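[1] This is the structure alone, sequence omitted:
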């Protein structure tokens, strides 16, 4: 009865158009009331869920990204990327991929990446003769790398969602409990690099097929500006990229925790944009602060109400029931991982990334452990699926931003999306079925086997 109330009320509130966080809160309160639990318990769960020291990393990472976004770092990264690969066939599209990947490492947010890079690159590509749908697809898909970068606040959210899950990892004697944020940050490095290579291949293939760039019907390519120009633009962009190195170095050397490293990143971003580049002013700082505060508030509210939801799911044994249902379908790990990917992808198409992580991690991580997939590998799988959902209607947050900048309809963009989807699904398959692909670097760094 309680599970029926929880599911039906949640769906009802979503259909009424309420935000996901409000829908979760109201459905949880309805279930508490039906079960006769004291409502004070719901509020206690909510407050305790948000009152975690490591969550300070979330506003710090978000604020650092906003400072870089409003501090004009994007232009310098675009200049470097264009000097590097702009003279190749489809060079501006390939420069877009490189720039989005680099800026994703700075902002840690696919949406911020699309806003910054799209605002610069999409109009530029259209002027150079690239179609609007190609420009939007390149930008929105390459920007998804931000979800796997060390500055991604979604990694912190996953680490929280996984903290209450424990279980024996199939095929080993290892008892898994939660996940290390540091290990998760290093786990995303290799998938991001391969994702960038796959996106470069997709961008090049489409450009070759369509004959881009097309300036007044011609296909004249830019000339290589020379290695001196590349070096000068790299030196100009390098201070902005250095924020990722700061975070990873602090964690590798054990100087700070991930939360403290995020605080250092904010300090560095302020000094760089105010003193180094001198591109920040009071109005931009207020805009960055307001946006970071708004995003942080939304995420912390989601975390609080999701703590209520996790309590109810534990009482109602929802993870166990979900596992039994899926295990009744198949016991083959390869098929099971495919089903989990499919469910996560479908949920990600109409739910926010943070909400999908918070709801689905307690459901599917125990099952993944039973099938032999460790929490670090599962985290990268989860983040990739949720990122892919950002580019898929009906919600598709990054796609809507890209289409708005490019002045093109979602229907037109979807017609030419296949090569970029193919690149993403290729990376997804490797991450899912090749465990060392996401665990090799953290294992190398920590000196012990990471799963």
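    Cool, got the structure. Since the model is a prediction, treat every value here as computed from it, not as a measurement.

[2] Can you pull out the low-pLDDT segments for the stretch 351-451 of the chain?
    Along the stretch 351-451 of the chain, segments meeting pLDDT under 70 span 394-395.

[3] hmm, I was thinking of the stretch 101-250 of the chain
    By pLDDT under 70, the weakly predicted segments of the stretch 101-250 of the chain are 170-171, 173, 175, 214-222.

[4] Just give the closest residue to the most centrally placed residue in the chain, not the sequence neighbours.
    By Cα atoms, centre = their mean, the chain has its centre lying nearest to residue 147, at 2.0 Å. Excluding its sequence neighbours, the residue lying closest to residue 147 (Cβ to Cβ, 6 or more residues apart in numbering) is residue 387, at 4.1 Å. Just so you know, the C-beta spots here come from the backbone N, C-alpha and C atoms, and that holds for glycine as well.

[5] Tell me how many other residues crowd the one you found.
    25 (other Cβ atoms under 10 Å).

[6] Check which helix or strand it maps to.
    Residue 387 is part of helix 375-389 when elements are defined by DSSP states H and E.

[7] C-terminal to that helix, what's the next element?
    helix 397-406.

[8] Mind giving me the packing neighbours of that next one?
    Counting contacts by 3 or more Cβ pairs under 8 Å, 6 or more residues apart in numbering; DSSP states H and E, helix 397-406 packs against helix 110-127, helix 132-142, helix 410-415.

[9] Can I get those helices in TSV including distance to residue 89?
    Formatted as TSV, these follow (distance: least, Cβ to Cβ, whole Å):
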stretch	distance to residue 89
helix 110-127	14
helix 132-142	13
helix 410-415	22
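
[10] And those: which comes nearest residue 343?
    Closest to residue 343 of these is helix 110-127 (Cβ to Cβ; 20.8 Å).

[11] contacts for that closest one?
    65-66, 69, 73-75, 78, 92-93, 95-96, 99-100, 103-104, 107, 132, 134-136, 138-140, 142-147, 387, 390, 397-398, 401-402, 405-406 (Cβ atoms under 8 Å, 6 or more residues apart in numbering).

[12] Can you say which of the residues you listed are buried?
    Among the contacts of helix 110-127, those buried by neighbour count (16 or more other Cβ atoms under 10 Å) are 65-66, 69, 73-74, 78, 92-93, 95-96, 99-100, 103-104, 107, 132, 134-136, 138-140, 142-147, 387, 390, 397-398, 401-402, 405-406.

[13] The stretch 1-150 of the chain: helices as residue ranges?
    Ranges of helices in the stretch 1-150 of the chain, per DSSP state H, counting those that start in this stretch, are 2-15, 20-35, 39-50, 57-70, 73-85, 91-107, 110-127, 132-142.

[14] and the helix holding residue 387, what does it pack onto?
    helix 153-162, helix 181-187, helix 333-348, helix 353-371, helix 418-433, helix 436-446.

[15] I'd like to know which elements the longest helix along the chain is packed against.
    Longest helix in the chain, counting residues (DSSP state H): helix 282-315. Judged by 3+ Cβ pairs under 8 Å, 6+ apart, helix 282-315 is in contact with helix 20-35, helix 39-50, helix 57-70, helix 153-162, helix 353-371.

[16] The next helix or strand after it: how far from the chain's middle?
    As assigned by DSSP H and E, the chain's next helix or strand after helix 282-315 is helix 318-327. Taking Cα atoms, centre = their mean, to the nearest Å, the mean C-alpha location of helix 318-327 is offset from the chain mean by 27 Å.

[17] swap in stretch 36-51?
    Remark: stretch 36-51 is offset 28 Å from the chain centroid, using Cα atoms, centre = their mean.

[18] which outside residues touch it?
    For stretch 36-51, the external contacting residues (Cβ under 8 Å, 6+ apart) are 25, 28-29, 32-33, 300, 303-308, 310-311.

[19] Export those as CSV, with columns for pLDDT and neighbour count.
    Putting the contacts of stretch 36-51 into CSV (pLDDT from 0 to 100; neighbours: other Cβ atoms under 10 Å) gives the following:
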residue, pLDDT, neighbour count
25, 86, 22
28, 86, 26
29, 87, 17
32, 85, 23
33, 87, 13
300, 84, 19
303, 83, 22
304, 85, 20
305, 85, 27
306, 82, 29
307, 82, 24
308, 84, 23
310, 80, 25
311, 81, 21
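
[20] Pretty sure residue 176 sits in a helix.
    No. Applying DSSP: H, G, I helix; E, B strand; the rest coil, one finds residue 176 to be strand, outside a helix.

[21] Leaving out chain neighbours, which residue sits closest to it?
    residue 169 (5.1 Å).

[22] from what I can see residue 261 touches residue 253, true?
    No. In this structure, residue 261 is not within contact of residue 253 by Cβ atoms under 8 Å, at 10.5 Å.

[23] quick one, which of the two is more surrounded?
    The residue with more neighbours, out of residue 261 and residue 253, is residue 261; 25 against 8, by other Cβ under 10 Å.
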